[in-house]
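1. Just to be clear, the model below is a prediction. Sequence and coordinates:
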Amino acid sequence: MNTSNRRKFIGNAAALVAGSAIAVASMPAAQHAPIIHHAIFWLKNPHSTADRDKLVEGVKTLAHIPTVQTLHVGILAPTEKRDVVDNTWGVSEIMFFKDLPGQATYQTHPLHLAFIKNYSHLWEKVVVYDAQTV
């Protein structure tokens, strides 16, 4: 690439980035900030690895919902016991959504409703923490 073309490319790229930043900055914060959805499940049978594994299987089906950008499914880690660590739960999920409309779509999506119908008998309690990136 010669110097003239490189300068044109850099200038065009800078203009594109600046234009995108202005467009995003003009949107309401809640519309473009990533949304993190963290659900923690307490199993009815906390010592049953079969129930835990079945719930993990169910949570993983939620990755097929188009608005779910990323899904992480976890089980309790065998870390050291400390007063600030809650080690009473069994399965955890963390999902990332592009925005609030994407998270709202997830809530009523047929796969999410089927997950609740087919797997809720496995958990005693679920707590959800929804956060917005700042």
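-> Yep, that arrived.

2. what sits against residue 88?
-> Shown in contact with residue 88 (C-beta atoms under 8 Å, 6 or more residues apart in numbering): 42, 46. In this view, the C-beta of every residue, glycine as well, is placed from N, C-alpha and C.

3. any idea whether the residue nearest to residue 91 when sequence neighbours are not counted is helix, strand or coil?
-> Residue nearest to residue 91 in three dimensions, not counting chain neighbours: residue 41, with 4.4 Å by C-beta to C-beta, 6 or more residues apart in numbering. In three-state terms, and counting by DSSP: H, G, I helix; E, B strand; the rest coil, residue 41 is strand.

4. Quick check: which element contains the residue nearest in space to the middle of the chain?
-> The centroid of the chain falls nearest to residue 95 when counting by C-alpha atoms, centre = their mean (1.1 Å). Element membership for residue 95, per DSSP states H and E: strand 91-97.

5. Paired strands for that strand, with orientation please.
-> If you go by DSSP bridges, strand 91-97 pairs up with strand 35-43 (antiparallel), strand 68-75 (antiparallel).

6. Could you check whichever helix or strand comes after that strand and say which residues are buried?
-> Counting by DSSP H and E, the element after strand 91-97 in chain order, helix or strand, is helix 100-108. For helix 100-108, the buried set under the neighbour-count rule, 16 or more other C-beta atoms under 10 Å, comprises 100, 102, 103, 105, 106.

7. ok, so of those, who is nearest residue 68?
-> residue 106 (6.3 Å; C-beta to C-beta).

8. tilt between the strand holding residue 95 and helix 100-108?
-> Computed by axes from the mean of the first three to the mean of the last three C-alpha atoms, to 10 degrees, the angle separating strand 91-97 from helix 100-108 equals 140 degrees.

9. which residues are contacting strand 91-97?
-> 34-41, 43, 52, 55-56, 59, 62, 67-76, 103, 106, 123.

10. Give me the mean pLDDT for it.
-> For strand 91-97, the mean pLDDT works out to 97.

11. For the helix or strand hosting residue 115, name the packing helices and strands.
-> For residue 115, the host element (DSSP H and E) is helix 110-119. Contacts defined by 3 or more C-beta pairs under 8 Å, 6 or more residues apart in numbering; DSSP states H and E place helix 110-119 against helix 49-61.
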